[in-house]
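pasting the sequence and the predicted model now:
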Amino acid sequence: MADIHANYQKYHSHISSKHKWFDLKLKEVWQYKDLIWLFTKRSFVVTYKQTILGPAWLVLNPIITSFIYAFVFGGIAGMGTDGVPQMAFYLPSTAIWSFFASCVTNNASTFTSNAGVFGKVYFPRLTTPISNVLSSMVQFLIQFAVALMFIIFFVIQGEVSPNWWAFWMIPIALIHLGMMGMGLGIIISSMTTKYRDLSVLVGFGVQLWMYATPIVYPLSQLTEKFHAEWIQTIVKFNPVTMPVEMFRFAVIGKGTIEPLYLAISWAFTIVVVIFGIMVFNKVERTFMDTV
């Protein structure tokens, strides 16, 4: 009898309607790590399928965007770049922001974009947003490689002095922004199951957020242009500001890192990720009943 009970426990799962809020199911997600890799590959391939230039857009987009930023903000608006050549400033800034923005926007449509798959087969739904973050990271690495070529050129010219010892900050900044972007994305995705308007507003909101983050301007320009310290303080409270500044400090040797605002950013990220996963798991069960 004991053997029968043991075999039952081994080969059967008990499905219940009762679920704990703090059951994040991270162990189950790790067991599906191969599926995460497959989703990551699918996301990257589908993005550039049936395009003429394909992944070449990953190289062209940041270069074209950086030229536009240099013309509009550096030329017309007269925004400085802390003495760094404009392309060396804008290219890495564009790459790191594109990574964060894609983490948010791609995950904001997790439920609506994958409704067909979610309704056919079971797997931990959290594998989808994680794969979106990894796919965004692959795109970032390609764009960062392009930015690095420009930076090396300016290093040879003596115009840029990266903090080579601080390059360990780059993966930390990526993990930080990836977690934050995923957390915000899955929260928005959970809300779009009821309020579909959010899927339209998220792109606009992310675009506005970029201008509230020192991407096209350095933090120092806020006090120089507006002569108001309070504006810079408000921007520092932006949770994306400190990881971006940390990344820029490592890459081009220019950036403002303040432990207080960095700690606030990490606290915000941790709260958003935990709350996002809990809401995501809770909404998933309700959403599946409507698919």
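Cool, got the structure. Numbering: from 1, shown residues only.

okay, CA-based contacts and neighbour counts for the rest of this
Noted.

residue ranges with poor pLDDT in this protein?
Applying pLDDT under 70 to the chain picks out residues 1-26, 44-55, 115, 119, 197, 225-228, 284-291.

for the lengthiest helix in it, name the packing helices and strands.
Counting by DSSP state H, the longest helix found in the chain is helix 259-290. Packing contacts for helix 259-290, counted by 3 or more C-alpha pairs under 8 Å, 6 or more residues apart in numbering; DSSP states H and E, involve helix 169-192, helix 229-237, helix 241-252.

which residues are in contact with residue 168?
Residue 168 makes contact with no residue, according to C-alpha atoms under 8 Å, 6 or more residues apart in numbering.

same list (the helices and strands packed on helix 259-290) but as TSV, adding distance to residue 60 and mean neighbour count.
Converted to TSV, the helices and strands packed on helix 259-290 look like this (distance: least, C-alpha to C-alpha, whole Å; neighbours: other C-alpha atoms under 10 Å):
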stretch	distance to residue 60	mean neighbour count
helix 169-192	22	23
helix 229-237	30	15
helix 241-252	21	24
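
so what's the residue nearest to residue 198 when sequence neighbours are not counted up against?
Nearest residue to residue 198, sequence neighbours excluded (C-alpha to C-alpha, 6 or more residues apart in numbering): residue 192, at 5.8 Å. Applying C-alpha under 8 Å, 6+ apart, we find residue 192 in contact with 108-109, 112, 198-199.

which stretch of helix or strand covers the residue nearest the centre of the chain?
Nearest to the mean C-alpha position of the chain, by C-alpha atoms, centre = their mean, lies residue 100 at 2.8 Å. Secondary structure assignment for residue 100, by DSSP states H and E: helix 86-107.

just checking, what packs against that helix?
So helix 86-107, by 3+ C-alpha pairs under 8 Å, 6+ apart, packs with helix 57-69, helix 127-156, helix 169-192, helix 197-211, helix 241-252.

quick one: closest of these to residue 43.
helix 127-156 (6.5 Å; C-alpha to C-alpha).

which other helices and strands contact that closest one?
Short answer (3+ C-alpha pairs under 8 Å, 6+ apart): helix 127-156 packs on helix 33-47, helix 57-69, helix 86-107, helix 169-192.

now it, how far from the centre of its chain.
For helix 127-156, the distance from its own C-alpha centre to the chain's C-alpha centre is 12 Å (C-alpha atoms, centre = their mean, to the nearest Å).

need the helices and strands packed on helix 259-290 in CSV with distance to residue 65, can you?
Shown next, in CSV, are those (distance: least, C-alpha to C-alpha, whole Å):
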stretch, distance to residue 65
helix 169-192, 21
helix 229-237, 23
helix 241-252, 18
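
of the helices and strands packed on helix 127-156, which is nearest residue 220?
Here helix 86-107 is closest among the helices and strands packed on helix 127-156 (C-alpha to C-alpha), at 13.6 Å.
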